[in-house]
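Trainee: my questions concern the predicted model and sequence given below.
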Amino acid sequence: MLTLLCMVSICVGQNKVLSSIENSIAEGKSKEALKQLSVLNTTAFLPEDLGYYYFLTAKSYSKENNDVKAIENYLIAKKQYLKANVVEKAMEINLNIASLLVSYKDNTQKHQFYLKEYMDYAFSTKNDSKILKGYVQLASLKINSKEAKESLDYFRKAIVLNKKVKDKKLESKIYNNLAVLFSDVLYKPDSSLYYLRKDNLLLHQEKTPNPNYICYNLMNQASNYSQLHQYQKAIDLLLQADKIKLIEYNKVNKENINNFLYLNYKDAKNLDKALYHLEISNKYHDSLNTEQQNIAINNFDTKYKTKEKELENLELKTNIKKNKIVLYLMISVLIIVLLISILVYKNIAKKKKIAEQEKLIEIQKTEKILKDQELNDIDLMLESQEKERQNIANELHDNLGSMLATLKLNFQNLKRHNEVANQQENKLYDKTDALLEEAYQKVRNIAHLKNLGIIGSEGLLVAVNKMAEKMSVLEHLAINVIPFELTERLENTIEVALFRMIQELCTNIIKHSEATEVNIYLTQGTSKEINIIIEDNGKGFDPKTVVSKSGIGLKNMEKKVEQMGGTFTIDSILTKGTTIIIDLPL
């Protein structure tokens with residue numbers, strides 16, 4: 001019972017800490033949140049708490065505009081939530097990933113996969129709130145010139161569904177985003193104003209209206225009136241917004257409002273008031289700069305005063321020492337005797353410690369030699385496998401392929417010479433000819449597949465794409481290759497090693513996992529590293545019980561990646577799939 005109470009108290013403590021960090025992120029303190037998360041000891045975390053931890057890490061990286069790290073942590077968070085069977089939170093993470101993917105310049109609708117997975121889940125639950133959330137996200141991600149009509153359709157579906165759900169926050173989001181769609185994409189400021197007014201009514205119906213939201217709503221209305229050249233209405237709304245005291249960013253907002261007032265007064269040809277508000281805007285701008293300087297000066301002043309206090313303490317200590325000199329002289333003889341005894345004891349202990357350290361060094365040297373030998377054996381094995389693949393491919397292509405081609409040609413000549421053959425013999429000729437053609441094509445395919453990893457002119461991404469295309473089986477197995485910022489070629493040896501690992505892992509998935517879908521993420525970040533994530537929806541496995549019977553083997557892969565200075569992580573859940581992550585510095 002006591003153990004159970006301790007576990008409950010630990011979980012409650014963890015949740016309080018993580019909730020506090022989430023509040024910091026909401027307040028715009030993402031860097032501070034990352035520092036707090038980095039010092040947490042997660043070893044005692046339950047899977048759901050780990051999901052929450054990685055979710056907050058991803059959210060912080062997203063706020064810092066590090067989308068690669070954000071996506072990586074969102075994927076880990078999703079996997080942990082699935083492990084804890086918290087499916088709802090795992091599926092909601094899909095909406096966050098989709099929002100990040102849609103902003104990538106090389107994105108070819110990859111975000112649609114995550115949106116579809118969420119929508120399939122939402123419809124399966126038949127929960128109107130979840131479906132509504134999906135509609136709003138779909139509509140918001142389609143606010144662009146190409147998908148404006150689809151965006152509007154989804155917003156309308158969301159409005160209809162929300163009449164049942166009655167979610168005021170989502171209703172406000174719908175109106176706000178609709179206003180953006182009409183203002184920035186469809187260039188219909190009147191329609192934008194219609195939805196901003198509806199949102200304004202909603203905001204004032206709350207018990208404690210958020211002054212920030214009301215202020216931003218008024219500023220957005222003013223922007224639309226400015227587009228309509230109704231400058232006085234825009235000015236009136238901005239003056240209302242200027243009277244609101246915000247919870248945060250008050251001075252920044254004052255600077256923006258007065259700058260906007262300056263532009264509207266200037267367009268309205270009221271130059272005196274335009275200059276007046278320009279001066280106010282500049283004052284707030286200068287004030288913000290002054291505050292930053294004062295913070296720096298205060299920090300310097302604090303350090304100076306601390307140093308001054310340290311000098312005072314040092315002087316006081318010196319005086320105390322002078323007063324105690326007489327006492328020290330009286331007991332000096334006793335101290336000398338004691339020191340000699342201690343030195344003799346330390347000398348003996350030191351000799352013993354040196355002997356132990358020398359023994360430990362010898363053991364470490366032996367272990368290092370064994371480890372180096374083991375890594376050399378792995379390199380030799382991989383090199384031998386690569387040569388064997390090349391030899392087999394060359395033998396198949398040059399010898400057996402040529403023989404089959406010659407045999408096919410001779411057989412066709414034989415058929416032509418035997419022109420008087422009966423119908424039954426012609427069928428036999430045709431069937432044999434088809435079998436020869438099939439055997440020849442299979443030999444060519446095997447030869448090409450074996451050589452994929454060493455095509456120096458094409459590189460890793462092309463080789464992986466070709467491998468995925470060859471291994472995919474229509475309506476049974478889909479292998480998707482999703483690259484992020486993979487624009488530069490790697491060293492040939494690294495490309496070959498990584499390709500062989502990916503090829504071996506995909507072969508293992510086909511043999512053992514019973515998966516229907518495999519996603520291969522290839523990410524080359526700005527911090528000179530490559531990240532590879534291979535996830536499947538198969539039956540999963542226990543990594544501790546796996547014994548490699550052929551191929552490279554998971555343990556050898558892990559050692560090879562460690563030899564290259566990287567990390568190799570296996571995250572597998574029985575019945576829920578496997579994720580393998582390779583992080584490698586370049």
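Mentor: Structure received. Residues are numbered from 1 along each chain as shown.
Trainee: number of residues surrounding Leu436?
Mentor: Burial of Leu436, expressed as a neighbour count using other Cβ atoms under 10 Å, amounts to 17. Bear in mind the C-beta positions are built from the backbone N, C-alpha and C, glycine included.
Trainee: and it, what element?
Mentor: Leu436 belongs to helix 423-450 when assigned by DSSP states H and E.
Trainee: buried residues, the helix or strand following that helix. List them.
Mentor: Moving toward the C-terminus from helix 423-450, the next helix or strand (DSSP H and E) is helix 460-471. Neighbour-count burial for helix 460-471 flags 460-461, 463-468, 471 (criterion: 16 or more other Cβ atoms under 10 Å).
Trainee: and helix 460-471, what does it pack against?
Mentor: helix 423-450, strand 478-484, helix 492-508, strand 517-525 (3 or more Cβ pairs under 8 Å, 6 or more residues apart in numbering; DSSP states H and E).
Trainee: what pLDDT is listed against the residue most central in space within the chain?
Mentor: The central residue of the chain, meaning the one whose C-alpha is nearest the mean C-alpha position (Cα atoms, centre = their mean), is Ile71 at 2.0 Å. On the pLDDT scale, Ile71 is placed at 88.
Trainee: host element of it?
Mentor: Under the criterion of DSSP H and E, Ile71 resides in helix 67-83.
Trainee: ok, Ile532 next?
Mentor: Here Ile532 is assigned to strand 529-536, by DSSP H and E.
Trainee: contacting residues around that strand?
Mentor: 68, 72, 75, 79, 486, 490, 498, 502, 505-506, 509, 513, 515, 517-525, 577-586 (Cβ atoms under 8 Å, 6 or more residues apart in numbering).
Trainee: again, only this time at 6 Å
Mentor: Among residues not part of strand 529-536, those counted as contacts by Cβ atoms under 6 Å, 6 or more residues apart in numbering are 505, 509, 513, 515, 518-524, 577-585.
Trainee: list only buried entries from those residues.
Mentor: 505, 509, 513, 515, 518-524, 577-584.
Trainee: which residue, other than its chain neighbours, is closest to Ile582?
Mentor: When the adjacent residues along the chain are set aside, Ile582 lies closest to Ile532, with 4.2 Å between them (Cβ to Cβ, 6 or more residues apart in numbering).
Trainee: what's the neighbour count on that neighbour?
Mentor: Under the neighbour criterion other Cβ under 10 Å, Ile532 is assigned a count of 22.
Trainee: from Thr569, how far out is it?
Mentor: Using Cβ to Cβ, to the nearest Å, one gets 11 Å for the distance from Ile532 to Thr569.
Trainee: on that earlier part again, helix or strand right after the helix holding Ile71?
Mentor: Of the helices and strands lying after helix 67-83 in sequence (DSSP H and E), the nearest is helix 87-101.
Trainee: next, the buried residues of that next one.
Mentor: 89-101.
Trainee: same thing with stretch 73-85?
Mentor: Going by 16+ other Cβ under 10 Å, stretch 73-85 has these buried residues: 73-84.
Trainee: export that stretch as CSV, just CAs?
Mentor: Provided in CSV are the C-alpha atoms of stretch 73-85 (Å, rounded to 0.1, in the frame of the first residue of the first chain):
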residue,chain,number,x,y,z
ASN,A,73,9.9,14.5,-30.9
TYR,A,74,6.2,14.5,-32.0
LEU,A,75,6.7,11.1,-33.6
ILE,A,76,8.3,9.7,-30.3
ALA,A,77,5.5,11.2,-28.3
LYS,A,78,2.9,9.6,-30.5
LYS,A,79,4.6,6.2,-30.1
GLN,A,80,4.6,6.6,-26.3
TYR,A,81,1.0,7.5,-26.2
LEU,A,82,0.1,4.5,-28.3
LYS,A,83,2.2,2.3,-25.9
ALA,A,84,0.1,3.7,-23.1
ASN,A,85,-3.1,3.1,-25.2
